[in-house]
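Q: coords please:
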Amino acid sequence: MHTIKNRESIKEAYYQYSVKDFALDSKDELLKILQATNNAKDLNLYVRIAVSNEHAEIDLSRKFGALPSEALGLLRLCREHGKRVGLSFHVGSQCMDKISFSKGIAEIGNIIKKTKIVPDIINVGGGFPSIYPDLKPEPLENYLAEIKKSLNNLKLPKMPEIFCEPGRAIVAESGSTIVKILLRKKQKLYINDGTYGSLFDAGVPNFVFPSKMITDGRIISKKLTSFNFYGPTCDSLDYMKGPFLLPNNIKEGDYIELGQLGAYGATFRTKFNGFYSDAIYQVDDKPILSMYDDKDKFDYLVA
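A: Coordinates of the predicted model:
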């Protein structure tokens, strides 16, 4: 849940769309919410705490979250001004160890003990992982079991309502990006999409997406080669390290399917340098890689 919002956005959300749930991680944000809603009495206010993101591929704790010591006073203020109060955290994007959720819930337990306030809602956030060629998480049910066990360990007189926000784990496998090779220079492939398009996460975060050559009927080499990608823009930062495993005889004009882009693919697209595509097609084939089935493909895709 986002803790820093524009005043006009808060007003619009509350008055036009009847949004009652707002997250915060500072006293100033709480005052902003109260002022923008004219001290409404029907607000559900969530204090987001900063927790360790050590097992996440993308750390969100530097930007969001109150320190646990700060959260004590914020929770008391929210109880005073809100109809319902919540505590929330986020373990970071693509969290590879379920223990991070246990630690976050334990931190919530410490806050409850110190404030004597049992929240109406506990939001354990997102961070639930998907599978990639170099990232193989435990089954999703293991994460959920760990969360349930940790919540029970709090031994609260009444269990609060529990929210979670699984995004990547649900939608990553639902989308792929199809790219065309513009030029091959040995193990460098220049393609018609990149970090300013749907492949942002293949850039700085260096996510390695599962890749598959789309055949036109010709014989595909059984020998696989590791490739780096370069996008179509003039920026040399439009670079994707990979490695992406593809047939050795791949060449200009060939097409590649890059999987797991149902999460943060289309949403990242820009029109930088004029390169942009909004063509979306619905197909019925299975994803290249899945954490729910076809796990035998995993070893084949790892460089």
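
Q: next SSE after the lengthiest helix in the chain?
A: The residue-count maximum for a helix in the chain (DSSP state H) belongs to helix 99-115. Heading C-terminal from helix 99-115, the first helix or strand you meet, by DSSP states H and E, is strand 121-123.

Q: contact partners of that next one?
A: If you take Cβ atoms under 8 Å, 6 or more residues apart in numbering as the criterion, strand 121-123 is touched by 1, 44, 46, 84-89, 105, 108, 151, 160-165. (Each C-beta comes from the backbone N, C-alpha and C, glycine too.)

Q: any idea of the angle the helix or strand just after that strand forms with helix 99-115?
A: Counting by DSSP H and E, the element after strand 121-123 in chain order, helix or strand, is helix 140-153. Inter-element angle recorded for helix 140-153 and helix 99-115: 20 degrees (by axes from the mean of the first three to the mean of the last three Cα atoms, to 10 degrees).

Q: now helix 140-153: mean pLDDT?
A: On average, the pLDDT along helix 140-153 is 96.

Q: roughly how far is stretch 161-180 from the heart of the chain?
A: 8 Å (Cα atoms, centre = their mean, to the nearest Å).

Q: Next: stretch 36-55.
A: Using Cα atoms, centre = their mean, the offset of stretch 36-55 from its chain centre is 19 Å.

Q: got the buried residues for that stretch?
A: Applying a neighbour-count criterion of 16 or more other Cβ atoms under 10 Å, one finds 36-37, 40, 43-53, 55 buried in stretch 36-55.

Q: gap between the two ends of it?
A: One end of stretch 36-55 to the other measures 37 Å (Cα to Cα, to the nearest Å).

Q: likewise stretch 9-19?
A: End to end - Cα to Cα - stretch 9-19 spans 11 Å.

Q: Quick check: phi and psi on residue 134?
A: phi -110, psi 10 (degrees, to the nearest 10).

Q: Next, count neighbours for the residue nearest to it when sequence neighbours are not counted.
A: Among residues not flanking residue 134 along the chain, residue 208 sits closest, at 5.0 Å (Cβ to Cβ, 6 or more residues apart in numbering). By the measure other Cβ atoms under 10 Å, the count of residues near residue 208 is 22.

Q: name the helices or strands packed onto the stretch of helix or strand residue 48 belongs to?
A: In this structure, residue 48 is located in strand 44-48 according to DSSP H and E. Applying 3 or more Cβ pairs under 8 Å, 6 or more residues apart in numbering; DSSP states H and E, we find strand 44-48 packed against strand 21-24, helix 68-81, strand 84-88, strand 121-123.
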